[in-house]
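Chemist: Structure for this input, please:
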Amino acid sequence: MPGWQGSDRAKRLPRDWATRRRFVMDRAGWRCQWIRTDTGGRCPELATDCDHITPGDNHDVANLQALCGYHHSVKSGREGRAGSDADRAPGGRWSRMRELPKHPGYAG
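Modeler: Numbering: from 1, shown residues only. This next block holds a predicted model:
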């Protein structure tokens with residue numbers, strides 16, 4: 001998975017992650033749990049990803065949801081932008097007092 005390159009996230013998952021993931025997917029009927037803003041209904045797509053509702057390492061099944069790949073990407077992108085925005089100075093510019101974050105694809 002390109003998004004996991006260089007990440008230690010998989011190592012931080014509990015030993016019974018596969019069991020928890022299966023429970024979450026079964027609980028959702030293997031259907032994406034994303035609530036659409038246009039209809040207010042659930043996304044009709046097949047769930048492929050087990051997502052942490054609140055980012056971090058809370059792996060309790062109450063903090064996990066089943067999402068399709070598209071909506072998991074949308075959610076992760078929003079979370080990434082929110083984290084990036086927190087590192088910016090007022091006005092949206094990078095603070096000169098902080099080191100710029102390294103691009104995840106940069107090997108050097």
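
Chemist: Off-centre distance for the longest helix along the chain?
Modeler: If each helix of the chain is counted by residues according to DSSP state H, the longest one is helix 69-86. Relative to its chain's centre, helix 69-86 lies at 7 Å (CA atoms, centre = their mean, to the nearest Å).

Chemist: That one: which residues count as buried?
Modeler: Buried positions in helix 69-86, judged by neighbour count with 16 or more other CB atoms under 10 Å: 71-72, 75-76. Placement of C-beta: from N, CA and C, glycine included.

Chemist: and that helix, what does it pack onto?
Modeler: Helix 69-86 makes packing contacts with strand 49-52 when contacts are defined by 3 or more CB pairs under 8 Å, 6 or more residues apart in numbering; DSSP states H and E.

Chemist: partner strands of whichever helix or strand comes after the strand it packs on, parallel or antiparallel?
Modeler: For strand 49-52, the following helix or strand on the C-terminal side (DSSP states H and E) is strand 64-67. Sheet pairing for strand 64-67, assigned by DSSP bridges, gives strand 49-52 (antiparallel).

Chemist: contacts for the partner strand?
Modeler: Strand 49-52 is contacted from outside by 20-21, 24-25, 58-59, 63-69, 72, 75, using CB atoms under 8 Å, 6 or more residues apart in numbering.

Chemist: Swap in 7 Å and give it another go.
Modeler: Residues outside strand 49-52 that contact it (CB atoms under 7 Å, 6 or more residues apart in numbering) are 21, 24-25, 58, 63-67, 69, 72, 75.

Chemist: PyMOL command to pick out the buried ones of those?
Modeler: Remark: buried members of the contacts of strand 49-52, expressed as a PyMOL selection using 16+ other CB under 10 Å:
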select buried, resi 21+24+25+64+65+66+67+72+75
